[in-house]
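In: sequence isn't available, so here's the structure alone:
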């Protein structure tokens with residue numbers, strides 16, 4: 001029985017060691033690219049308070065104790081006056097894509113808070129001519145997928161069209177011959193208009209969305225040429241022209257009549 005009990009203890013230990021840690025239901029903090037971000041945490045801690053990246057618990061970013069605060073990594077800071085009041089917030093300056101993810105604040109090695117940092121998706125409008133290429137920029141080196149949502153009435157297709165993982169590029173059969181390794185989609189046509197989203201697969205979030213319009217007529221790119229005039233405007237113009245002609249005719253006739261009368265006198 002002792003042997004079975006020991007084996008069970010070992011199994012429980014292994015299970016707890018390798019079971020992924022689930023994050024609490026924490027709303028992510030979303031900021032714009034290159035803006036500053038402040039991750040909030042408050043509580044009571046008479047000892048050392050540290051902030052780390054969740055999956056790197058030994059890699060300290062910033063820390064505070066009763067005497068001072070230290071920025072261990074550039075771009076991360078805590079404020080000692082706030083620490084003494086129980087406010088252990090971490091400020092991150094110049095947020096870029098590498099700073100996205102989960103962070104942990106602990107007191108003498110015991111977890112206090114978890115926080116998640118996200119970057120607001122970039123939005124880029126693109127207007128191109130038929131047969132030109134659409135180039136989608138990869139802002140991160142993590143695995144991503146490209147999702148297409150059509151805005152063309154006759155083409156309501158949507159879904160994943162490509163995945164990129166390092167140097168590996170996989171696209172659906174419809175796009176495999178059109179997409180190069182740099183995510184250049186060649187031979188664009190009006191039916192390709194729509195929203196092309198770059199999604200970070202690891203963090204399950206959209207990082208960049210391209211709203212693409214492929215013009216039927218290249219002259220339409222200025223937004224003015226080739227515009228269709230509504231029928232009612234055409235009818236109104238014709239009525240105005242006829243009215244002006246009638247008025248001019250009446251005025252001319254009256255003028256001729258007056259001149260004739262004066263001549264007879």
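Out: Received the coordinates, thanks. Values in this document were obtained by computation on a predicted structure and should not be read as measured data.

In: any stretches of the stretch 51-200 of the chain with poor pLDDT?
Out: The stretch 51-200 of the chain contains residues with pLDDT under 70 at 156, 181.

In: let's see 90
Out: Low-confidence segments of the stretch 51-200 of the chain (pLDDT under 90): 55, 138-142, 151-158, 166-168, 174, 176-183.

In: and residue 133, how many neighbours?
Out: Neighbours of residue 133 under the rule other CB atoms under 10 Å: 14. Every residue, glycine included, has its C-beta placed from N, CA and C.

In: quick check: bridge partners of the closest residue to residue 61 other than its chain neighbours?
Out: Leaving aside its sequence neighbours, residue 61 sits nearest to residue 76 (CB to CB, 6 or more residues apart in numbering; 4.1 Å). Here residue 76 sits in beta bridges with residue 92, going by DSSP bridges.

In: same check, this time on residue 128
Out: residue 214.

In: that one against residue 186, yeah?
Out: No: counting by CB atoms under 8 Å, residue 128 does not reach residue 186; the two are 11.5 Å apart.

In: can you map out the helices along the stretch 51-200 of the chain?
Out: 80-84 (DSSP state H, counting those that start in this stretch).

In: show me the strands in it, by range?
Out: Using DSSP state E, counting those that start in this stretch, the strands of the stretch 51-200 of the chain run over 56-64, 69-71, 76-77, 90-92, 101-107, 110-119, 122-128, 134-135, 144-150, 158-165, 168-171, 184-185, 194-200.

In: out of those, which is the most enclosed?
Out: Mean neighbours per residue, mean count of other CB atoms under 10 Å, is largest over the strands of the stretch 51-200 of the chain for strand 90-92, with a mean of 22.

In: next up, the contacts around residue 33.
Out: 95-97, 119-120, 122 (CB atoms under 8 Å, 6 or more residues apart in numbering).

In: please compute how far stretch 231-250 lies from its chain's middle.
Out: Centroid separation for stretch 231-250 versus its chain: 52 Å, with CA atoms, centre = their mean, to the nearest Å.

In: pLDDT of it, averaged?
Out: Across stretch 231-250, pLDDT averages out at 80.

In: on that earlier part again, out of the strands of the stretch 51-200 of the chain, which is closest to residue 246?
Out: Of all the strands of the stretch 51-200 of the chain, it is strand 122-128 that lies closest to residue 246, at 45.8 Å by CB to CB.

In: just the angle for the closest one relative to strand 194-200, thanks.
Out: Strand 122-128 and strand 194-200 meet at an angle of 140 degrees, taking axes from the mean of the first three to the mean of the last three CA atoms, to 10 degrees as the criterion.
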